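J.: here's my sequence, what's the structure:
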Amino acid sequence: MGDEAELLWGVLFSSLGLGYFIYGKKQGAVVPLLCGLALMVYPYFVASVIGLVLVGVALTAIPYFFRL
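T.: A predicted model of the protein is given here:
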């Protein structure tokens, strides 16, 4: 079950990352751009489902709290 969960969480957070990346690029906003890039890349390096979810939630929340 771990493999399926990792795949689904990775697809979810990568999709959110693509949205952040496109938004940041069009608006010229650095924080969503970098968080989007990180959200698209980090699932390749995190092996556990819990780590995947924790890092993904943190990266998803960063643009809400830090607006530059």
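J.: spatially nearest residue to the residue nearest to the spatial centre of the chain (excluding sequence neighbours)?
T.: Nearest to the geometric centre of the chain sits residue 39, at 2.4 Å (CA atoms, centre = their mean). Counting by CB to CB, 6 or more residues apart in numbering, residue 17 is the residue found nearest to residue 39 once chain neighbours are left out, at 2.7 Å. Placement of C-beta: from N, CA and C, glycine included.
J.: what's the spacing between that neighbour and residue 3?
T.: To residue 3, residue 17 is 21 Å away according to CB to CB, to the nearest Å.
J.: next one: residue 29
T.: 35 Å.
J.: what comes into contact with stretch 18-28?
T.: Residues from elsewhere that reach stretch 18-28, judged by CB atoms under 8 Å, 6 or more residues apart in numbering: 29, 30, 31, 32, 33, 34, 35, 36, 37, 39, 40, 63.
J.: now stretch 57-66
T.: Identification of contacts with stretch 57-66 by CB under 8 Å, 6+ apart yields 13, 16, 17, 20, 29, 31, 32, 35, 38, 39, 42.
J.: and the fifth one, how many neighbours?
T.: What it means is residue 29. A count of neighbours around residue 29, defined by other CB atoms under 10 Å, yields 17.
J.: mind listing the helices for the chain?
T.: With helices called from DSSP state H, the chain shows them at 2-27, 30-41, 49-65.
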